[in-house]
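Peer 1: give the three-dimensional model of this entry:
(one chain, ligands or ions: 1)
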Amino acid sequence: MISNFKGKTAVLTGAGSGFGLECARIGAKLGMNLVLVDVQKDALDAAEAELKATGVQVMARLVNVSDAAQMQALADDVKATFGAPNFVFNNAGVAAGGLLWENTQADWDWVLGVNLWGVVHGVRLFTPMMLEAAAKDPSFQGHIVNTASMAGLLNPPNMGVYNVSKHAVVSLSETLYQDLSLVTDQVTASVLCPYFVPTGIHQSHRNRPADTPAAPPTRSQLVAQAMSDKAVTSGKITAAQVAQFVMDAVADKRFYIYSHPQALGNVQTRMESIVTGHNPPDPFAAKPEIGQRLREALRKP
Ligand SMILES: NC(=O)c1ccc[n+]([C@@H]2O[C@H](COP(=O)([O-])OP(=O)(O)OC[C@H]3O[C@@H](n4cnc5c(N)ncnc54)[C@H](O)[C@@H]3O)[C@@H](O)[C@H]2O)c1
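Peer 2: Reported below is the predicted structural model:
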């Protein structure tokens, strides 16, 4: 929970686009010091220029969040320049689709590297700094928000690698919330679980590094790409609205942050199946044509 954002420091990963950039824009309006982290240089440069022009202090760092040494250097820089951050948004993420058994080791390494290890590094490097600041100063307030997805609460077919990465982030975040509540009242955590929102996420292969190269796409991967293009670009809630939900949750100390609470019926049905021992239900039960289209596309000879 943060009750006064002015002059407080925010570290935002994936700050060059989408939710990260929109949260940075709100942070600038609130008068926060901003640490912008991204792996895409042109997007990071543009964000840095835009946010510096608002008059707040900005540190921009070209960092691959899955790289432990780069994240350590980032954490050292932040500590030396601003001290412990108050708001850490572990948000950078990428997606790969297709049938589980068709994903290569490089697909797993890339997606888990960014979506899970990026969050792990952010948590293991910044939390101790925040706890140390809280111990020294009873007025210090800190909040860590990790970006998961509705794919961290549901298991839609044909996107298993992404689902696994996001379920791990939900688990990590819930545990972080519990662990923090054991040791302090000054630092807490939340998890962001968006549904489909128009951002650059469906084009995340633009930043795929050469050490985890993509294999030629299989049919299921082409189908997944087409579905993700359509679902993401036709989302009606904007990234700016989601960013406002994030900042409101930080101010209100709310753990679960949703973009589309109306989609939670699917989560409820899944949870009921778990406790009653029924087989997994259709994660898009309200739209059975989605599963039908997938079956047709993947079974045709
Ligand atoms: N948009 C959606 O529909 C949606 C839904 C659920 C979850 N999410 C999650 O939201 C988060 C933010 O994504 P977005 O939708 O704003 O997409 P986006 O592509 O617009 O923004 C993601 C940013 O992360 C950066 N990034 C990618 N790999 C990185 C790396 N290795 N190190 C540092 N930065 C890296 C990208 O350059 C980009 O600027 C992601 O974790 C994504 O999985 C998005």
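Peer 1: and the stretch 151-300 of the chain, which residues reach the ligand?
Peer 2: Within the stretch 151-300 of the chain, the positions near the ligand by CB under 6 Å from any ligand atom are Pro194, Phe196, Val197, Thr199, Gly200, Ile201, Ser204, Asn207, Val232, Ala239. The C-beta positions use only the backbone N, C-alpha and C, and glycine is treated the same way.
Peer 1: and stretch 83-94, how far out from the chain's middle?
Peer 2: 10 Å (CA atoms, centre = their mean, to the nearest Å).
Peer 1: what does stretch 80-96 give?
Peer 2: Worked out by CA atoms, centre = their mean, stretch 80-96 lies 10 Å from the chain centre.
Peer 1: and the residue of the stretch 51-200 of the chain closest to the ligand?
Peer 2: Gly93 (2.0 Å; CB to the nearest ligand atom).
Peer 1: wasn't that residue part of a strand?
Peer 2: No - judged by DSSP: H, G, I helix; E, B strand; the rest coil, Gly93 forms no part of a strand; its state is coil.
Peer 1: tell me the spacing between it and Ala80.
Peer 2: 27 Å (CB to CB, to the nearest Å).
Peer 1: which of those two has more neighbours?
Peer 2: Gly93 (27 against 8; other CB atoms under 10 Å).
Peer 1: isn't the more buried one up against Asn115?
Peer 2: Yes - using CB atoms under 8 Å, Gly93 and Asn115 qualify as a contacting pair, with a distance of 4.9 Å.
Peer 1: what residues are shared contacts of the two?
Peer 2: Common neighbours of Gly93 and Asn115 (criterion: CB atoms under 8 Å, 6 or more residues apart in numbering): Ser165.
Peer 1: identify the residue nearest Pro288 in space, chain neighbours excluded?
Peer 2: Asp282 (6.2 Å; CB to CB, 6 or more residues apart in numbering).
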